[in-house]
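Chemist: coords please:
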Amino acid sequence: MTESNATRCARAAKAAAPTLAAAPAETRTAAILAAAAAIDAEADAVCEANARDMARGREAGMPGPLLDRLLLDRDRLAQVTSAMAEVAAQEDPLGAVEGGRVLASGISLTEVSVPIGVVAIIYEARPNVTADSIALCLRSGNACVLRGGSAAMETCAAMAAAARRGIASTGLSPDVVRYVESTERSSSVDLMHATGLVDVLIPRGGASLIRTCVEESTVPVIETGTGNCHIYLDGSADAAMAEAIVVNAKTSRPGVCNAAESLLVDRAAADRLLPGVCRALAERGVALVGDEGARDVCRTAGIEMAEASEDDWGREYLDLAMSVRLVDGVDEAVAHVNRYGTGHSECIVTESYRASERFLAGVDAAAVYVNASTRFTDGGMFGLGAEIGISTQKLHVRGPMGASALTSTKYVLRGDGQVRG
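Modeler: Numbering: from 1, shown residues only. Here you go, the predicted model:
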């Protein structure tokens with residue numbers, strides 16, 4: 001039986017992985033920088049490929065926020081390769097001693113960080129994921145198998161090919177990075193079932209992709225998050241701060257997972273806080289839906305707001321749309337967030353220390369903010385250089401995943417002839 005392209009890629013990466021894992025930090029650093037330089041050197045070809053992907057996206061009716069996520073122009077490409085250089089400059093995550101002791105037997109035990117092995121990434125219209133994944137996997141000593149979506153197929157393929165040429169120039173096998181050319185669904189399924197070849201699978205995309213990977217994979221999956229992110233305006237919130245944070249979190253890039261999708265407002269302060277925020281959102285083209293209380297306040301202020309359905313409270317719009325609900329204080333806000341949220345990023349705007357501590361302690365999410373936009377949940381913003389995803393699960397890592405999140409540990413034991421009686 002002929003192996004699929006995805007399986008061949010995984011097998012090649014598996015064969016190349018031990019050499020990469022054993023490579024010194026300097027070699028892996030050089031490989032990251034060479035990959036970034038090769039992408040920079042082929043910027044014209046990468047941007048031309050992206051223009052073709054963008055044209056297909058527009059023809060297919062792709063929404064504006066998703067086109068924005070697909071776009072990779074010269075400025076964004078420079079940001080991508082700059083992030084790769086940041087990763088290259090980071091401290092080596094391998095060989096770090098996590099702990100150690102001398103056992104009663106006299107054996108010396110240390111726990112050290114090691115690569116996971118082969119990391120497969122299945123992702124949609126996100127060209128930057130190609131470069132971020134390559135840099136982070138090289139930094140952490142992992143071979144990677146990349147399977148991009150059809151919407152960004154030319155951009156991702158061009159970036160991966162350039163990076164492989166750069167890696168080869170350092171003496172490492174280019175097979176430490178493999179790109180799956182097929183965009184058929186079967187290629188994703190092959191990676192999901194590549195037990196023995198792939199050590200962990202990381203999906204980057206919408207809810208459907210992530211759910212499919214979690215439910216169908218026979219290899220371990222790190223669930224990266226859809227982002228039904230909330231902002232709660234506490235009764236003590238400063239109105240100007242509230243408006244600035246909500247507008248930024250919703251409108252700066254509405255198609256990304258750390259954009260806010262739902263606004264909760266303390267009922268006691270709704271007349272003071274809600275009109276200004278909703279007017280600012282509406283002026284920026286945000287379609288608002290809300291409960292009856294929020295609609296009453298906005299109706300009085302002359303602001304259009306449609307009726308929200310139950311589905312709206314749990315929806316990740318990835319667009320210029322937002323749900324609005326009035327709640328009776330911080331405890332009800334926390335309960336709403338924990339019921340409808342996706343464990344990604346949540347924010348309270350407040351002048352009350354007590355309310356902020358209640359929110360921080362009560363909300364179950366990877367990142368919880370006081371008086372700051374949810375848009376900061378990002379590997380670059382967190383000082384990781386880049387991210388391979390934002391984990392919304394609790395094992396083995398949570399939140400933005402940098403190079404150290406792509407390591408495991410092994411116990412190293414040194415004795416002088418001990419045997420167990």
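
Chemist: tell me how many other residues crowd residue 375.
Modeler: For residue 375, the neighbour count with other CB atoms under 10 Å is 22. From N, CA and C alone the C-beta is placed, and that goes for glycine too.

Chemist: can you check residue 109 too?
Modeler: Other residues near residue 109 number 15, with proximity taken as other CB under 10 Å.

Chemist: and what of the one 4 residues further on?
Modeler: Using other CB under 10 Å, residue 113 is surrounded by 19 other residues.

Chemist: distance of it relative to residue 132?
Modeler: For residue 113, the distance to residue 132 (CB to CB, to the nearest Å) stands at 20 Å.

Chemist: then residue 375?
Modeler: 17 Å.

Chemist: remind me what the host helix or strand of residue 47 packs against, helices and strands.
Modeler: Applying DSSP states H and E as the criterion places residue 47 in helix 43-59. Where contact means 3 or more CB pairs under 8 Å, 6 or more residues apart in numbering; DSSP states H and E, helix 43-59 is packed against helix 64-70, helix 74-88, helix 153-168.

Chemist: can you name every helix or strand that the shortest one contacts?
Modeler: Using 3+ CB pairs under 8 Å, 6+ apart as the contact criterion, the neighbours of helix 64-70 among helices and strands are helix 43-59.

Chemist: follow-up on the earlier one: mind checking which of the helices and strands packed on helix 43-59 is nearest residue 175?
Modeler: Taking CB to CB as the measure, the helices and strands packed on helix 43-59 were each checked against residue 175, and helix 153-168 came out nearest at 8.3 Å.

Chemist: the helix holding residue 47 to helix 74-88, inter-axis angle?
Modeler: Going by axes from the mean of the first three to the mean of the last three CA atoms, to 10 degrees, helix 43-59 is angled at 120 degrees with respect to helix 74-88.

Chemist: and residue 410, what are its phi and psi?
Modeler: Backbone torsions of residue 410, given as degrees, to the nearest 10, read phi -130, psi 150.

Chemist: neighbours around residue 407, how many?
Modeler: When neighbours are counted by other CB under 10 Å, residue 407 registers 22.

Chemist: no wait, residue 232
Modeler: Neighbourhood size, residue 232 [other CB under 10 Å]: 28.

Chemist: ok, residue 300 next?
Modeler: By the criterion of other CB under 10 Å, residue 300 has 11 neighbours.

Chemist: also residue 102?
Modeler: 10.

Chemist: my guess is it contacts residue 109. True?
Modeler: Yes - assessed by CB atoms under 8 Å, residue 102 is found in contact with residue 109 at 7.3 Å.

Chemist: wait, what's in contact with residue 87?
Modeler: Taking CB atoms under 8 Å, 6 or more residues apart in numbering, we find residue 87 in contact with 32, 135, 136, 139, 385, 386, 402, 403.

Chemist: filter those down to the buried ones and express that as a PyMOL selection.
Modeler: Buried residues within these, by 16 or more other CB atoms under 10 Å, are selected in PyMOL with:
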select buried, resi 32+135+136+139+385+386+402+403
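
Chemist: among the contacts of residue 87, which are located in strands?
Modeler: Using DSSP state E, no member of the contacts of residue 87 sits in strands.

Chemist: could I get the contacts of residue 87 as TSV with pLDDT and distance to residue 232?
Modeler: Shown next, in TSV, are the contacts of residue 87 (pLDDT from 0 to 100; distance: CB to CB, whole Å):
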residue	pLDDT	distance to residue 232
32	98	40
135	98	36
136	98	33
139	98	37
385	91	31
386	92	30
402	96	28
403	97	33
